[in-house]
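>>> give the three-dimensional model of this entry:
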Amino acid sequence: MRPATYKAIVDRLATAIRTGELPAGTRLPTHRTLAREHRIALATATRVYAELTGMGLVAGEPGRGTFVRDQHGHDGLDPDRRLPVPRIADLSFNQPLADEQTTQLRHALRELSTSGNLDAVLYQQPPGGRSHERAIVATYLLDRGIDVPPASVFLTNGAQQALDAVLATTTRPGEVVAADALTYPGLKLLAATHSLEIAPIPSTADGPDLDALNQLCAARPVRAIYTIPTLHNPLGWTLSHATRDHLATIARTHDVLIIEDGTYAFLDQTPPPPIQAIAPERTFYIASLSKNVATGLRFGFAIAPGAHASSLTRSLRATTWGIPGIVTALATGWIADGTVGRLEKTRRDDAASRQQIARTAFTGLDYTAHPSSFFGWLRLPHDLRADQAATHLADAGVLVSTADAFATTTHPPHALRLAIATPPLPELADILEHVRTTIDSIPW
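Model (predicted):
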């Protein structure tokens, strides 16, 4: 019997995984066993698993073996929200809406239609937005501890475009961006698009390991540090003032830029000052109205240090030029008349209620969340794989995201991020109890 070729083994295993013959969570033979079964060299067996890993079909875990990965998109980067059963809840993505928001939108559109300068929203907007709308956002940011002139504010199509433009402005292909070992998935997508390397910063219980960050910046040419200091996604921490000072000191010592993501910062009512206020000469601040107003509004902004303002303008001009005038008129109108402030308070109160429900539902499990957060981090028992848990939950009608979406390291922890803002509040307790019951029923 002739030994199977390397490519034939890869194709056979890939087909078995994609067809479900080898379901998610299946432990594959060891490298030595695979080599013996197929009469190939040990190095060839290692190459087979390396190729399957590169295809996203398997994952190796030190000391445990090689496992089939879930193929339903629970890593969150390109989620497949189709389910094999009727959907009970989508806990993979937050889309919070308040009951009165459709009425507010109708009212705002009527107001806009009767304004004396309606034709202005039909003109092409300049890169970064119109000056009076940038001024409205600058005033709004004073409550977050950010005091900048309107010329430092750049309006964008959501925070993702703001981050994209900032990376295009500050980095070149091949450069290194430091980020937490678990971080916002959108950064990973953009790093791949811009051919950037993400260097992971290990985490402690209270935030990033800054000694490790300092060593990283000393050893490697880190271009920027991406950080979420207030209500971290997905771990929920808010860094202390001292930790923010320390991070800023590291950046200054090694002449590294800082990209501060404040998307969820509005949910923490009394956070320490943003890092932008501590190190304004090197910090870009990005945020949006997606979570505090509506995900479909696609209104965001970036704050840029003065030395980078012209470059950021060019980056915005090279992509979408400017954002739609009707969007900026609605968003800045709601900021100016206090609607955004009222919605943010509603969101904070709602998030606090949801976290109380979640903590009750997951009593006894390793669940971590900020007390007024729209998401939580559920660490699974040691022998239960995250993709296995996500698959069982999908079969039970619930979508979740696994740690793979957020991990910048090779071996993600076995954990789930649960986005709890979308389900109706009266239904949330039953949904989370259903999640717990499903997880408890998984054999491991």
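>>> how about residues contacting stretch 20-40?
Judged by CB atoms under 8 Å, 6 or more residues apart in numbering, the contacts made with stretch 20-40 from elsewhere in the structure are 1, 3-4, 6, 9, 13, 15-16, 41-42, 44-46, 48-49, 58, 64-72, 385, 387-388, 391. Yep, even glycine has a C-beta here, placed from its N, CA and C like the rest.
>>> so the nearest residue to Phe299 once chain neighbours are set aside: helix, strand or coil?
Using CB to CB, 6 or more residues apart in numbering and skipping the chain neighbours, the partner closest in space to Phe299 is Ala331 (4.0 Å). Judged by DSSP: H, G, I helix; E, B strand; the rest coil, the three-state class of Ala331 is helix.
>>> check the gap between Ala331 and Ser113 for me.
Between Ala331 and Ser113 the distance is 17 Å, computed by CB to CB, to the nearest Å.
>>> the two: which is more packed in?
Under the neighbour definition other CB atoms under 10 Å, Ala331 and Ser113 were set side by side, and Ala331 has more, 27 against 8.
>>> check that one and give its pLDDT.
Looking at Ala331, its pLDDT is 94.
>>> tell me which residues in stretch 12-25 are buried?
Judged by neighbour count using 16 or more other CB atoms under 10 Å, the buried positions of stretch 12-25 are Leu13, Ala14, Ile17, Leu22, Ala24, Gly25.
>>> could you do stretch 253-271 as well?
254, 256-268, 271.
>>> what do you get for stretch 314-324?
Along stretch 314-324, these residues count as buried under the neighbour rule (16+ other CB under 10 Å): Ser315, Leu316, Gly322, Ile323, Pro324.
>>> SS state for the first one?
To tie it back to what came earlier, the one meant is Ser315. The three-state label for Ser315, taken from three-state DSSP, comes out as helix.
>>> any idea how far Tyr123 is from the residue nearest to the spatial centre of the chain?
Residue closest to the mean C-alpha point of the chain, counted by CA atoms, centre = their mean, is Tyr184 at 2.6 Å. To Tyr123, Tyr184 is 33 Å away according to CB to CB.
>>> what sits against the closest residue to the residue nearest to the centre of the chain other than its chain neighbours?
Spatial nearest neighbour of Tyr184, excluding adjacent residues (CB to CB, 6+ apart): Asn233 at 5.3 Å. Shown here is Asn233, whose contacts under the criterion CB under 8 Å, 6+ apart are Thr183, Tyr184, Asp261, Thr263, Tyr264, Phe375, Phe406.
>>> need the contact partners of stretch 93-100.
Stretch 93-100 has contacts (CB under 8 Å, 6+ apart) with 79, 291, 294-295, 343, 346-347, 350, 374-375, 401, 419-422.
>>> mind redoing it with 7 Å?
The set of residues external to stretch 93-100 that reach it, using CB atoms under 7 Å, 6 or more residues apart in numbering, is Lys291, Ala294, Thr295, Leu343, Thr346, Arg347, Phe374, Phe375, Ala419, Ala421, Thr422.
>>> closest to Pro413 out of the residues you listed?
Phe375 (15.7 Å; CB to CB).
>>> burial check on that closest one, number of neighbours?
25.
>>> thought it was touching Pro234?
Yes: using CB atoms under 7 Å, Phe375 is in contact with Pro234, at 6.1 Å.
>>> where do the contact lists of those two overlap?
Common neighbours of Phe375 and Pro234, counting by CB under 7 Å, 6+ apart, are Arg417.
>>> which positions within stretch 54-72 qualify as buried?
Using 16+ other CB under 10 Å as the burial criterion, the residues of stretch 54-72 that qualify are Leu57, Val58, Ala59, Gly60, Thr66, Phe67, Val68, Arg69, Asp70, Gln71, His72.
>>> what is the helix or strand of the chain with the lowest mean pLDDT packed up against?
Of all the helices and strands that make up the chain, the one with the lowest confidence by mean pLDDT, DSSP states H and E is strand 58-61; it has a mean of 80. The contact analysis (3 or more CB pairs under 7 Å, 6 or more residues apart in numbering; DSSP states H and E) places strand 58-61 against helix 42-54, strand 65-68.
>>> need the winner for burial among the ones you listed.
Burial among the helices and strands packed on strand 58-61, expressed as mean neighbours by mean count of other CB atoms under 10 Å, is greatest for strand 65-68, which shows a mean of 19.
>>> mind giving me the packing neighbours of that one?
Under the contact definition 3+ CB pairs under 7 Å, 6+ apart, strand 65-68 sits against strand 58-61.
>>> neighbouring strands for the strand it packs on, and are they parallel or not?
strand 65-68 (antiparallel) (DSSP bridges).
>>> now the partner strand - C-alpha only, CSV.
Taking C-alpha atoms only, strand 65-68 is exported to CSV below (Å, rounded to 0.1, in the frame of the first residue of the first chain):
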residue,chain,number,x,y,z
GLY,A,65,-3.9,18.1,21.2
THR,A,66,-5.4,19.2,17.9
PHE,A,67,-9.2,19.9,17.7
VAL,A,68,-11.7,20.6,14.9
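>>> now find how far off-centre it is within its chain.
Strand 65-68 sits 26 Å away from the centroid of its parent chain (CA atoms, centre = their mean, to the nearest Å).
>>> what about the helix or strand where Leu189 lies, average pLDDT?
With secondary structure defined by DSSP states H and E, Leu189 is part of helix 185-193. Helix 185-193 shows an average pLDDT of 95 in the prediction.
>>> which is the next helix or strand following that helix?
strand 197-201.
>>> distance of the nearest residue to Arg87 once chain neighbours are set aside from His370?
Computed as CB to CB, 6+ apart, the closest residue to Arg87 that is not its neighbour in sequence is Gly397, at 5.5 Å. Computed with CB to CB, the distance linking Gly397 and His370 is 27 Å.
>>> wait, Val327 touches Gly296, no?
No: in this structure, Val327 sits apart from Gly296 without contact. The criterion is CB under 7 Å, and the distance is 10.0 Å.
>>> quick one: common contacting residues for these two?
With contacts defined as CB under 7 Å, 6+ apart, no residue is shared by Val327 and Gly296.
>>> who has more neighbours out of these two?
The neighbour comparison of Val327 against Gly296 (other CB under 10 Å) goes to Val327, with 19 against 11.
>>> residues touching that one, list them.
Applying CB under 7 Å, 6+ apart to Val327 gives the contacts Leu297, Arg298, Phe299.
>>> how far away is the first one from Tyr123?
Which is Leu297. As defined by CB to CB, Leu297 lies at a distance of 20 Å from Tyr123.
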